[in-house]
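could you work out the structure for the sequence below:
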Amino acid sequence: MNLLKELNLVKQRLKVHSGDNIRLKCLGTSVDDPVGWRNGSTELNLQEVRKGKGHLKITMAHALIIININKTDSGEYDCHVGGELRATYVLTVTDPLIDRKGLTASFYYMSSLFVVYFVMFVALMVMKHLHRLTVRKLKDDSKKRKERKKKARLKKKAKLKSKSTPAKPKIALPNV
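Residues are numbered from 1 along each chain as shown. As a prediction, the model looks like this:
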């Protein structure tokens, strides 16, 4: 009989993140068993829990469900049947943003965002600078093209002028 009692007794330490939902089972019970749950030394009011008030719920199989768990839910939860302890759960509720090193995940997230935004900013600045250079080069090329066209027109005009006006014959004066 002791072996059966030892098999039915569950002792667990659980680390959960705030905001999670958790199910604590009370093993070795049937629907008709007088089951009770205790949080530390406070007996949970199963009538209120069964009605679904708050974030605690009890299933037909006597499991305790904690919905949207928070730090105030940390502590020891005991399931007892007819005064006999069947399960003990020690809950430690942690912030989901804290990692093993004690630095927050949000710090990593924010620093990675900073790096991404910084790289994007630098890329935009480089693109803006290249655009300015390109525009300047196009303007300079346009000016040079206009100057070349203007020179070509002037040369053409000069040629046309020289063709349209007959050349004056050069008269050679005798040497005296």
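
ok, longest strand in this protein?
strand 84-94 (DSSP state E).

so which elements touch the next helix or strand after that one?
Downstream of strand 84-94, the first helix or strand assigned by DSSP states H and E is helix 105-164. On a contact count with 3 or more Cβ pairs under 8 Å, 6 or more residues apart in numbering; DSSP states H and E, helix 105-164 meets no helix or strand. Glycine gets a C-beta too; all of them are placed from N, C-alpha and C.

is it true that residue 14 touches residue 92?
Yes: using Cβ atoms under 8 Å, residue 14 is in contact with residue 92, at 7.1 Å.

in this structure, where is pLDDT below threshold?
Along the chain, segments meeting pLDDT under 70 span 1-10, 30, 46-53, 96-107, 164-169, 176.

center of it - which residue?
residue 109 (6.1 Å; Cα atoms, centre = their mean).

pull out the buried positions in the longest strand of the chain.
Going by neighbour count (16 or more other Cβ atoms under 10 Å), the buried part of strand 84-94 is 86-89, 91, 93.

show me what that strand is packed up against.
strand 10-17, strand 22-24, strand 75-81.

residue 141: which of those is closest?
Smallest distance to residue 141 across these (Cβ to Cβ): 62.1 Å, for strand 10-17.

for stretch 113-129, what is the distance to the chain centroid?
19 Å (Cα atoms, centre = their mean, to the nearest Å).

cool, stretch 68-81 as well?
For stretch 68-81, the distance to the chain centre is 31 Å (Cα atoms, centre = their mean).

start at 568 instead
With 568 as the first residue, the last one maps to stretch 635-648.

put the alpha carbons of that stretch into CSV.
Output of stretch 635-648 as CSV, limited to C-alpha atoms (Å, rounded to 0.1, in the frame of the first residue of the first chain):
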residue,chain,number,x,y,z
ASN,A,635,-2.5,34.0,-17.7
ILE,A,636,-0.2,33.2,-14.8
ASN,A,637,1.6,36.1,-13.1
LYS,A,638,4.2,36.6,-10.4
THR,A,639,1.6,36.7,-7.6
ASP,A,640,0.8,33.1,-8.5
SER,A,641,4.3,31.9,-7.5
GLY,A,642,4.4,29.5,-4.6
GLU,A,643,3.4,26.1,-3.5
TYR,A,644,0.3,24.3,-4.6
ASP,A,645,-0.9,21.2,-2.9
CYS,A,646,-3.6,18.8,-4.0
HIS,A,647,-5.1,16.6,-1.3
VAL,A,648,-7.8,14.0,-1.4
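
I appreciate the help and will end here.
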